[in-house]
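Undergrad: build me a model:
(one chain, ligands or ions: 1)
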Amino acid sequence: MQGKPGAWISRLLPWRASVDPATVSAALDAVSQLKPAVVITGGSRGIGFALAKRFLEKNHETVIVGRNAPRLAEAVAELKAATGIGPFSILCDVTEANAVDVIAAGLNGAGLYLDVLVNNAGIGLAGPFAAQSPLDISRLVALNVESVTRLTRAALPQMIARQRGGILNVASLGAYVPGPNQAAYYASKAYVVSLTEAIASEVSGQGVHVSALAPGPVDTAFHSRIGADRSLYRLLLPSMTADRVARSAYRGFMFGQRVIVPGIFNTAAVIALKVLPHIVTVPIMYGFLKRNLPPR
Ligand SMILES: NC(=O)c1ccc[n+]([C@@H]2O[C@H](COP(=O)([O-])OP(=O)(O)OC[C@H]3O[C@@H](n4cnc5c(N)ncnc54)[C@H](OP(=O)(O)O)[C@@H]3O)[C@@H](O)[C@H]2O)c1
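TA: A predicted model of the protein is given here:
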């Protein structure tokens, strides 16, 4: 982050720190010639783009990662026009086995190191599970589950050694209930929240922030891409803008909140989903998520 992690609400508790001071100063020395950066996967569109804008507005060196070179270039130009500061970009499919190395090389080439990782890139899949293509399901798991796990595991040890930085994993309100008609997607987000909360507990007090972001519906192209734009949840549930979600995410992350749920409606929904039994909530979700409305 720009400035010291102490500029955030510091989470460094000496009795929890597992790294000896010599290791900490060696780890900090190793990056002393580089600037700390916030790396946002899927920063070229939607929520990732809004998060990049928010981090830039707050003067963090920001790097967006995506697979589409023209779209990445457009996003860099749009972010520069909106904030006056140009982000860096790295062309990378984060599901590729060498993604960690590609990102590390891109950062190094720009004189940066990975201080904050935002695992935002994610895809959805709608329709009955048995009718979905096995390849599409594998792609979803590779991105929403495997890449998040791999990038988190690769980044965390150095963050712990430096006693600064952190990881923000973008999950969803869908983490709190099974989602018939988006079964694999909802299950993938349950994994992200579980993983994130567990790791946040493990690193607590060691100067590293680990948070999950759990937004409800957000107005991005995500829904039309999976053919769910005419599902009941799009018509009945309130949506937030990506910018509002990003503001809430930034604030929550800086305060070291473990799970950030943007918006009052979504906060109430999480409480209801924790209290009500699945026998009540799952059939309701079935109705919300079914792609039962004719195309416009
Ligand atoms: N929209 C919602 O209602 C909503 C609600 C809750 C949670 N979320 C979560 O929020 C995150 C962002 O969603 P969004 O609505 O902003 O989606 P989006 O508009 O579809 O944007 C997805 C981003 O991910 C990138 N991406 C996709 N596959 C990638 C890959 N293999 N490697 C690198 N980048 C990749 C895309 O860029 P390229 O295609 O150019 O690579 C794009 O920048 C996702 O994790 C989603 O599950 C969304």
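
Undergrad: CA only for contacts and neighbour counts going forward, please
TA: OK.

Undergrad: element containing Ile199?
TA: In this assignment (DSSP states H and E), Ile199 forms part of helix 183-203.

Undergrad: same question, Ile167
TA: Using DSSP H and E, the element containing Ile167 is strand 166-170.

Undergrad: same check, this time on Asp101
TA: With elements delineated by DSSP H and E, Asp101 resides in helix 99-109, which encompasses its position.

Undergrad: residues of this protein that sit close to the ligand?
TA: 41-48, 65-68, 92-95, 120-123, 143, 170-172, 215-222 (C-alpha under 6 Å from any ligand atom).

Undergrad: try 5 Å
TA: Within the chain, the positions adjacent to the ligand are 42-47, 66-68, 93-94, 120-122, 172, 215, 217-218, 220-222 by C-alpha under 5 Å from any ligand atom.

Undergrad: now Val261. Nearest residue, chain neighbours left out?
TA: If you skip the residues right next to it in sequence, Val261 has Ala214 as its closest partner in space, 5.0 Å away by C-alpha to C-alpha, 6 or more residues apart in numbering.

Undergrad: next, count neighbours for Val218.
TA: Per other C-alpha atoms under 10 Å, the neighbour tally for Val218 reads 19.

Undergrad: report the contact partners of Ala228.
TA: 126, 234, 289, 291 (C-alpha atoms under 8 Å, 6 or more residues apart in numbering).

Undergrad: again, only using 7 Å
TA: Contacts for Ala228 (C-alpha atoms under 7 Å, 6 or more residues apart in numbering) come out as 126, 291.

Undergrad: let me know the pLDDT of it.
TA: Note on Ala228: pLDDT of 92.

Undergrad: which residues touch stretch 26-37?
TA: Residues outside stretch 26-37 that contact it (C-alpha under 7 Å, 6+ apart): 1-2, 60-63, 111-116, 161-162.

Undergrad: stretch 123-141 now?
TA: Looking at stretch 123-141 with C-alpha under 7 Å, 6+ apart, the contacting residues turn out to be 144, 181-183, 185, 188, 226-228, 290-291.

Undergrad: for that stretch, buried residues please.
TA: 123-127, 137, 139-141 (16 or more other C-alpha atoms under 10 Å).

Undergrad: cool, thanks, signing off.
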